[in-house]
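Peer 1: Give me a 3D structure for the following:
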Amino acid sequence: MDSSGKIIWAKHNEIQTVNIKSVGADNEIADGDRLPLAVKELGSCDLYPQSLRHNPNGRFVVVCGDGEYIIYTALAWRNRSFGSALEFVWSTDGEYAIRESTSRIKIYSKNFQEKKSIRPSFSAERIFGGVLLAMCTNDFICFYDWAECRLIRRIDVNVKNLYWADSGDLVTIASDTSFYILKYNRDVVSSHLDRGGSAGEEGVEDAFELLHEINERVRTGLWVGDCFIYNNSSWRLNYCVGGEVTTLFHLDRPMYLLGYLANQSRVYLIDKQFNVVGYTLLLSLIEYKTLVMRGDFDRANDVLSSIPKEQYDRCSMSW
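Peer 2: Predicted coordinates for the structure are as follows:
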């Protein structure tokens, strides 16, 4: 799902699209109810899709499968670029990287031109995109800058997934049994690189700061501001602000997070039958809890006045 609420999915080789905003405001949909969405045929795909992902601005969609990738325009579904890859990831500004093998990673510009080819000194089993390019083995993850592919930091952890906040200041590392929320100190990194400092085998020492460790397995997750929303192995829909976890809803079946629409204050999920449901999570509530955790009580009180009184029980915090 892109930031406007447009969802694209694949049924075999056929590509279909729905738009959450097509459900008018006069349709009162209860939390957890299936949205009555009109499905439109967008086109077909030349490979069997195993994953689809919008680029950050929603203009392009990459389809991956069968060891190949194809980049399409999101609106007209026109082929813009293609190639061989085991994995494909976007940067936050629209560049991308592919993993051709465990020993070859390539970085491409926003104009689909190859910029850099990298041979890591270890077996790259996975790659992740976002603010930094990440490569990992089964035992550790290494973060690199996109521009020069300089090592930013190595962290010894088994990584199953990686989720960056839009601000680029927070990142969630999800493992088999836990997830870790870290702060990325980009100013420290920039200062170190500008000085021409050597990163060594471990990278820049203070590049990341561990903020929280939560003993839960993340199935799917996303960030809304400083709030990490996820569903766990028990299929509970939770959110985490300042290390405090709150259960939003108990899901009755496996579902997967699509995204959050701030103007609706709703988080959307999909199941394997392509049923889309939404749950209310007030943006003002997230902002309130974030301010409280920061100790900014004056601004928190200002935000509290915009939260409906029936939601006040969700404003409580544990200390």
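
Peer 1: Convert the C-alpha atoms of the helix or strand encompassing residue 300 to CSV, please.
Peer 2: Assigned by DSSP states H and E, residue 300 belongs to helix 297-304. Extracted C-alpha coordinates of helix 297-304, given in CSV (Å, rounded to 0.1, in the frame of the first residue of the first chain):
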residue,chain,number,x,y,z
PHE,A,297,4.0,17.3,29.7
ASP,A,298,2.9,20.8,28.7
ARG,A,299,2.6,19.9,25.0
ALA,A,300,1.1,16.5,26.0
ASN,A,301,-1.7,18.3,27.9
ASP,A,302,-2.4,20.4,24.8
VAL,A,303,-2.7,17.3,22.7
LEU,A,304,-4.9,15.5,25.3
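
Peer 1: for it, what is the average pLDDT?
Peer 2: Per-residue pLDDT over helix 297-304 has a mean of 79.

Peer 1: So which bits of it are buried?
Peer 2: Under the neighbour-count criterion of 16 or more other CB atoms under 10 Å, helix 297-304 has 300, 303-304 buried. Heads up, the C-betas are built off the backbone N, CA and C, glycines and all.

Peer 1: of those residues, closest to residue 229?
Peer 2: residue 303 (18.7 Å; CB to CB).

Peer 1: how far away is that closest one from residue 292?
Peer 2: Using CB to CB, to the nearest Å, residue 303 is found at 9 Å from residue 292.

Peer 1: Make a markdown table out of the buried residues of helix 297-304 and add distance to residue 209.
Peer 2: Shown next, in a markdown table, are the buried residues of helix 297-304 (distance: CB to CB, whole Å):
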| residue | distance to residue 209 |
| --- | --- |
| 300 | 24 |
| 303 | 26 |
| 304 | 29 |
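
Peer 1: Which residue ranges of the stretch 151-300 of the chain form strands?
Peer 2: Here the stretch 151-300 of the chain has its strands, by DSSP state E, counting those that start in this stretch, at 151-155, 161-164, 170-174, 179-184, 208-214, 218-224, 227-232, 236-241, 244-250, 256-261, 266-270, 276-280.

Peer 1: For residue 141, which of these is the nearest?
Peer 2: Between the strands of the stretch 151-300 of the chain, strand 151-155 lies closest to residue 141; by CB to CB that is 5.4 Å.

Peer 1: Give the buried residues for the closest one.
Peer 2: When burial is assessed from 16+ other CB under 10 Å, strand 151-155 yields the following buried residues: 151-155.
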